[in-house]
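> the sequence isn't on hand, but the structure is:
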């Protein structure tokens with residue numbers, strides 16, 4: 001029973017983003033019960049996708065026996081996907097004369113992308 005109780009913590013930690021000021025939940029005002037339920041469903045699905053992505057990244061790092069720098073610059077095999085998203089801010093798709101290019105895709109970012117599936121790498125025109 002204690003093991004199950006402690007397992008709740010990881011799920012509850014996932015919903016902490018709702019209290020984050022960057023998420024701007026306090027600026028959303030929904031009047032109808034149906035809209036509140038719909039938003040809750042969408043947010044739950046987003047949390048599911050986020051958790052699956054983080055899990056896949058961590059499993060890939062463990063499988064390949066690799067580590068990524070965290071916010072403090074220390075190596076870890078358990079980075080948060082939020083940190084990875086922050087690392088990838090500032091990357092842009094440029095289309096010049098009909099040719100698509102990705103700007104600001106550094107060697108470190110390319111190295112991190114190897115731990116994601118090909119569908120993610122395709123987004124950055126790598127596959």
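On my side now, so go ahead. Remember, predicted model here, so these are calculated numbers, not experimental data.

> now for residue 122, how many residues are close by?
10 (other Cβ atoms under 10 Å). In this view, the C-beta of every residue, glycine as well, is placed from N, C-alpha and C.

> now residue 3: how far from residue 62?
Shown here: residue 3 relative to residue 62, a distance of 21 Å by Cβ to Cβ, to the nearest Å.

> in terms of neighbours, single out the busier of those two.
Higher neighbour count among residue 3 and residue 62: residue 62, with 12 against 6, using other Cβ under 10 Å.

> give me the helices and strands touching the host helix or strand of the more buried one, please.
Assigned by DSSP states H and E, residue 62 belongs to helix 33-63. Counting contacts by 3 or more Cβ pairs under 8 Å, 6 or more residues apart in numbering; DSSP states H and E, helix 33-63 is packed against helix 2-14, helix 81-87.

> tell me the domain ranges of the protein?
2-87, 91-127 (automatic domain parsing).

> lowest-confidence stretch among these?
Note on those: domain 2-87 shows the lowest mean pLDDT, a mean of 82.
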